[in-house]
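Colleague: Coordinates for the following, if possible.
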Amino acid sequence: MSLNTLKSALAGLLLAIGIPFSAQVQAHGGLSLADDICKLTIGPYTMHFTGYQPEATQEKEFCEDIPATGRTVVALDYIEEALRPLPTEVRIIRDTGDPGKEPGNLDAITILHIPAKVYPNGSINFEYDFMQPGKFVGLVTVSDKQEYVSRFPFSVGEPKGTSPYLIFGIAAVIGAVAVFFLRARKSPTAA
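Modeller: Modelled structure (predicted):
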């Protein structure tokens with residue numbers, strides 16, 4: 001086997017292994033992981049988002065997707081003091097599959113609604129028991145001189161799925177290994 005063939009096979013193998021580990025961009029709306037904390041952006045304001053599933057993951061926090069069905073505890077803590085006198089509403093709805101275009105009747109798809117009220121202590125805590133896996137959207141609305149809404153899609157209890165990058169990577173590794181061994185087998189051995 002020539003050195004060039006070996007280099008090509010090795011380069012293909014390394015590329016295929018690296019692809020699944022490349023950064024993936026997912027649209028989670030106003031929710032992001034910054035400086036190792038989950039921040040929820042609502043217009044000019046931010047909140048710290050923390051989720052727990054005491055029965056499923058004990059004290060492990062999650063930021064975006066909820067790992068399993070079951071009792072889920074969420075804490076939204078104000079980062080800016082300016083939020084404390086403002087009414088805040090929280091709503092979780094079933095994802096209709098049309099980003100940003102919820103129907104006019106939100107009540108029909110709402111699974112949790114916490115009406116707008118002022119939280120002078122700067123913290124909103126709630127629990128919800130997700131009985132079935134699926135896709136949902138969180139809506140946090142703050143009313144100031146105008147209304148600000150943070151919309152963030154998330155899934156509950158759904159496997160991360162098999163990424164197309166992972167499938168491609170596995171296929172490339174298998175292909176590179178097959179080419180490597182077929183060429184090695186066909187090349188004459190030194191006596």
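Colleague: residues contacting residue 46?
Modeller: 39, 40, 79, 80 (C-beta atoms under 8 Å, 6 or more residues apart in numbering). C-beta: built from backbone N, CA, C; applies to glycine.
Colleague: who's residue 37 bridged to?
Modeller: residue 34 (DSSP bridges).
Colleague: so how far is residue 50 from it?
Modeller: Relative to residue 50, residue 37 is positioned 8 Å away (C-beta to C-beta, to the nearest Å).
Colleague: What is the neighbour count of residue 118?
Modeller: Burial of residue 118 is recorded as 12 neighbouring residues (other C-beta atoms under 10 Å).
Colleague: That one reaches residue 84, doesn't it?
Modeller: Yes: counting by C-beta atoms under 8 Å, residue 84 is a contact partner of residue 118 at 7.4 Å.
Colleague: Need the residues touching each of residue 37 and residue 50.
Modeller: What both residue 37 and residue 50 touch, as defined by C-beta under 8 Å, 6+ apart, is an empty set.
Colleague: where does the chain have low pLDDT?
Modeller: 1-36, 99-103, 160-173, 175-178, 180-181, 187-191 (pLDDT under 70).
Colleague: isn't there a helix covering residue 59?
Modeller: No: under the criterion used here (DSSP: H, G, I helix; E, B strand; the rest coil), residue 59 is coil, not part of a helix.
Colleague: That one and residue 52 touch, don't they?
Modeller: Yes: the pair residue 59 / residue 52 is scored as a contact, 7.0 Å apart, by C-beta under 8 Å.
Colleague: Do I have it right that residue 44 meets residue 148?
Modeller: Yes: Residue 44 lies in contact with residue 148 (C-beta under 8 Å); the separation is 7.4 Å.
Colleague: between the two, who's got more neighbours?
Modeller: Legend: neighbour count by other C-beta under 10 Å for residue 44 and residue 148, higher for residue 148 (17 against 10).
Colleague: That one: which element?
Modeller: strand 147-156 (DSSP states H and E).
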